[in-house]
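Undergrad: Sequence below, structure please.
(one chain, ligands or ions: 3)
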Amino acid sequence: MLASTHSGSLIGISATSVSVEANSGERGDPRVVLVGLPDAAVKESLDRVHSSLSNSGFSLPRTRVTINLAPADLRKEGSSFDLPVALCLLSSTKQLSTQPLQHYLIAGELGLSGQIRPVRGGISMAMLAKEQNLKGVILPMESAREAGIVQGIDIFGVDSLAEVVDFLEGKVNLKPIIHRSDASSQAPRYEFDFSDIKGQYNLRRAVEVAVSGGHNLLISGPPGSGKSMIAKRIPTILPTPSLDEFIEVVRIYSAVGQGGALDMQSMIRPFRSPHHTISDVGLIGGGATPGPGEISLAHHGVLYLDELPEFKRSVLEVLRQPLEDGVVTISRSAGKITLPCQFMFVASMNPCPCGYLGDSNHSCRCSIPQIQKYRAKISGPLLDRIDIHIDAPAVDISDIQDSEKGEDSKTIRGRVEQCRQIQSERFKDLKSKTNASMSDPMVEKVCELNPENKSILLQAMNHLSLSVRAYTRILKVSRTIADLEQSERIQKNHLLEAIQYRNLDRKII
Ligand SMILES: Nc1ncnc2c1ncn2[C@@H]1O[C@H](COP(=O)(O)OP(=O)(O)OP(=O)(O)O)[C@@H](O)[C@H]1O
Ligand SMILES: [Mg+2]
Ligand SMILES: [Zn+2]
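TA: Ligands and ions are numbered 1, 2, ... in the order given. Okay, here's the model as predicted:
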């Protein structure tokens, strides 16, 4: 007797349709054969299925049964086929009616006693089931909680094989998981707040400008000046993500099995801070079973590279293209996969190898060639993609004791959102949505300077020995500063502030 159901195979962060079929009553030894390009983990599935069937009180097939995972040319990986395979076996041996199985997409790993364990990519499975107009999707409880954010399809969370069978037989009634639809109107709840940062007015201002215009940022300062502290708080002032943006984030985390780490009721933006020993693959993604790297885990949030010059040059080089495109393409044996990675790039470094150049409390013992060598570790093309360089001066302990609490994240986020609104209207019909990502022709159009300001910029370029690449960066940042003041035109004070944010283009004196 033939039974079948729907499942999915996770490729990158997307699920591809796989149908699971079982045919019993075949001639030959009484055993179960699995066909359809399964990998080692899928083959092991049969042992788990056998054990969970008998431990859940079902009988094992007494004839030969063939299980087919179709299409046969798609490599099937992982343990998520356990549950659909077990259910098809039950159905083909008449222990479960065949009819209801055809209406659901089913995925889940089985434990030996029949309990159901989470799978990666539950949310992508739910999206696939929705595309296929199925009645619903049956997932392990933990995976179903992540998937519940997908609207327009019934998602059922289950804990054991016996429970699924009872549900499909209509013996128990399960309620679909409903994600609270008011989540989009909730303010995100972050662990940290900008008000924790005392003093550091210039640094805080530069960060606000960077976030407002979507500009990448490099913070340079001595040890203990609060670089990491402020970087960690950047997600808290980014605009509250839309529900669709948050779904994209959950989808990536769910694909790497980290969906459980997200609070589904508070839409917060990711903050990723990989160590400088990270490999290319760890950063941009890939591997034997190609999956997302840190840049995709930072999608719609912040990627922070602390101690930038310590990263291997090859790692920084592979970052360039994704920074530009907002997507990363990974080659695999069966073709390419493309993963999203739109993030704000924030980096920090010491001003020199000893860390104390420009610090009034300590003297720097580095020679100019040593400093040059240290800074040269960051390539020009990477620096090109960072609009704002800012110094974080050492803080006096007395400053920290005296200063009042700074402004809170919510207030700053309000200004950022207003500034982003101006940009969305400006770039309404265009691909780029922020000042940072506008094209050169657009810069000419919206960053026009009057003759006086033009000559100020030229003088500054000469006087401070700024590189040519700094020119457009300064104009874009000036545009953001003008937008923060809701000024139609770029004024002198906007330009002067933007010029200050090119520290690393200056010669070392
Ligand atoms: N502006 C500030 N307001 C309040 N606390 C601060 C401030 N700056 C630094 N601190 C305190 O100093 C600690 C060290 O700061 P942080 O780790 O951010 O420095 P850093 O610049 O990243 O140093 P390193 O170069 O060693 O990584 C913080 O955990 C915080 O307690
Ligand atoms: Mg630090
Ligand atoms: Zn030094």
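
Undergrad: Which residue is it, in the stretch 201-350 of the chain, that comes closest to ligand 3?
TA: Closest residue of the stretch 201-350 of the chain to ligand 3, Cβ to the ion: Asn350 (7.7 Å). To be clear about C-beta, it is placed using only N, CA and C from the backbone, and glycine gets the same treatment.

Undergrad: residues contacting that residue?
TA: By Cβ atoms under 8 Å, 6 or more residues apart in numbering, the contact set of Asn350 is Ser220, Gly221, Pro222, Pro223, Glu307, Leu357.

Undergrad: do Ile278 as well
TA: Taking Cβ under 8 Å, 6+ apart, one finds Glu294, Phe311, Val315 in contact with Ile278.

Undergrad: mind running it again at 7 Å?
TA: By Cβ atoms under 7 Å, 6 or more residues apart in numbering, the contact set of Ile278 is Glu294, Val315.

Undergrad: And the protein, what are its domain boundaries?
TA: Domain assignment for the chain by automatic domain parsing gives 2-168, 194-426, 438-509.

Undergrad: Deepest in the core, which of these is it.
TA: domain 2-168 (a mean of 20; mean count of other Cβ atoms under 10 Å).

Undergrad: and Arg64, what are its phi and psi?
TA: Reported as degrees, to the nearest 10, the phi and psi values for Arg64 are phi -80, psi 140.

Undergrad: ok, back up a step: nearest to ligand 1, out of the domains of the chain?
TA: Of all these, domain 194-426 sits nearest to ligand 1, with 2.8 Å by Cβ to the nearest ligand atom.

Undergrad: Quick one: mean pLDDT over the closest one.
TA: Domain 194-426 shows an average pLDDT of 90 in the prediction.

Undergrad: For it, what is the distance to the chain centroid?
TA: Centroid separation for domain 194-426 versus its chain: 13 Å, with Cα atoms, centre = their mean, to the nearest Å.

Undergrad: close to ligand 1, is that domain?
TA: Yes: shown here: domain 194-426 in contact with ligand 1 (Cβ under 6 Å from any ligand atom) through 197-200, 221, 223-229, 395, 400.

Undergrad: Span of that domain from start to end?
TA: 29 Å (Cα to Cα, to the nearest Å).

Undergrad: What of stretch 247-261?
TA: Counting by Cα to Cα, you get 14 Å between the two ends of stretch 247-261.

Undergrad: on that earlier part again, list just the nearest of the contacts of Asn350 to Val209.
TA: Proximity of the contacts of Asn350 to Val209 (Cβ to Cβ) peaks at Ser220, which lies at 16.2 Å.

Undergrad: Is the closest one in contact with Asp391, as I believe?
TA: Yes: under the criterion of Cβ atoms under 7 Å, Ser220 makes contact with Asp391 at 5.6 Å.

Undergrad: between these two, what contacts are shared?
TA: Asn503.

Undergrad: Contacts for stretch 416-431, please.
TA: By Cβ under 7 Å, 6+ apart, the list of residues contacting stretch 416-431 reads 208, 211-212, 237-239, 433-435, 438, 446, 480, 483-484.

Undergrad: Max pairwise distance over those residues: which two?
TA: Maximum pairwise distance in the contacts of stretch 416-431, criterion Cβ to Cβ, is 23.9 Å, between Ile237 and Val446.

Undergrad: Provide the strand pairings for the lengthiest strand in the chain, with the direction of each partner.
TA: With secondary structure taken from DSSP state E, the chain has its longest strand at strand 14-26. Strand 14-26 pairs in its sheet with strand 2-11 (antiparallel), strand 64-70 (antiparallel), by DSSP bridges.

Undergrad: Using a markdown table, please lay out these together with distance to ligand 3 and mean pLDDT.
TA: Output for the strands paired with strand 14-26, formatted as a markdown table (distance: least, Cβ to the ion, whole Å; pLDDT from 0 to 100):
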| stretch | distance to ligand 3 | mean pLDDT |
| --- | --- | --- |
| strand 2-11 | 48 | 94 |
| strand 64-70 | 61 | 92 |
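
Undergrad: Out of those strands, which gets nearest to Glu131?
TA: strand 2-11 (10.4 Å).

Undergrad: May I have that closest one as CSV, with CA atoms only?
TA: Extracted C-alpha coordinates of strand 2-11, given in CSV (Å, rounded to 0.1, in the frame of the first residue of the first chain):
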residue,chain,number,x,y,z
LEU,A,2,1.3,3.5,-0.9
ALA,A,3,1.3,6.5,1.4
SER,A,4,2.9,9.9,0.9
THR,A,5,3.4,13.3,2.5
HIS,A,6,5.2,16.5,2.0
SER,A,7,8.5,17.7,3.6
GLY,A,8,11.3,20.0,2.8
SER,A,9,15.1,20.0,2.4
LEU,A,10,16.9,23.1,3.7
ILE,A,11,19.4,24.6,1.2
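
Undergrad: Name the surrounding residues that touch that strand.
TA: With contact meaning Cβ under 7 Å, 6+ apart, strand 2-11 is reached by 15-23, 74, 76-77, 81, 84, 87-88, 91-92, 98, 101-102, 104-107, 120-121, 124-125, 128, 132, 134, 255, 337.

Undergrad: Name whatever forms a beta bridge with Val158.
TA: On the basis of DSSP bridges, Val158 is bridged to Pro140.

Undergrad: Tell me which residues touch it, please.
TA: Shown in contact with Val158 (Cβ under 7 Å, 6+ apart): Ile116, Ile138, Pro140, Met141, Val164, Phe167.

Undergrad: quick one: contacts for the spatially closest residue to Lys94 that is not a sequence neighbour?
TA: Of all residues not flanking Lys94 in the chain, Met1 sits nearest, at 6.6 Å (Cβ to Cβ, 6 or more residues apart in numbering). Met1 is in contact with Ser24, Gly25, Ser92, Lys94, counting by Cβ under 7 Å, 6+ apart.

Undergrad: One more: Ala210?
TA: With contact taken as Cβ under 7 Å, 6+ apart, Ala210 is in contact with Leu217, Ile388.

Undergrad: do you know how far it is from Val416?
TA: For Ala210, the distance to Val416 (Cβ to Cβ, to the nearest Å) stands at 10 Å.

Undergrad: in the stretch 351-500 of the chain, which spans are helices?
TA: 368-376, 380-384, 397-402, 409-426, 440-446, 451-463, 469-484, 492-500 (DSSP state H, counting those that start in this stretch).

Undergrad: so which of the ones you listed gets nearest Cys341?
TA: Each of the helices of the stretch 351-500 of the chain was scored for nearness to Cys341 using Cβ to Cβ, and the closest is helix 380-384 (15.7 Å).

Undergrad: Can you list the helices and strands that that closest one packs against?
TA: Identification of packing neighbours for helix 380-384 by 3 or more Cβ pairs under 7 Å, 6 or more residues apart in numbering; DSSP states H and E yields helix 313-325.

Undergrad: Quick check: what element follows the helix it packs on along the chain?
TA: Heading C-terminal from helix 313-325, the first helix or strand you meet, by DSSP states H and E, is strand 327-332.

Undergrad: strand partners of the very next helix or strand once past that next one, parallel vs antiparallel please.
TA: Per DSSP H and E, the first helix or strand lying C-terminal to strand 327-332 is strand 335-340. Strand 335-340 pairs in its sheet with strand 327-332 (antiparallel), by DSSP bridges.

Undergrad: Using CSV, list the CA coordinates for the partner strand.
TA: Taking Å, rounded to 0.1, in the frame of the first residue of the first chain, the C-alpha atoms of strand 327-332 are listed here in CSV:
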residue,chain,number,x,y,z
VAL,A,327,23.9,39.8,-0.5
VAL,A,328,26.6,37.1,-0.6
THR,A,329,26.8,34.3,-3.2
ILE,A,330,28.3,31.0,-2.1
SER,A,331,29.4,28.3,-4.5
ARG,A,332,28.5,24.7,-3.7
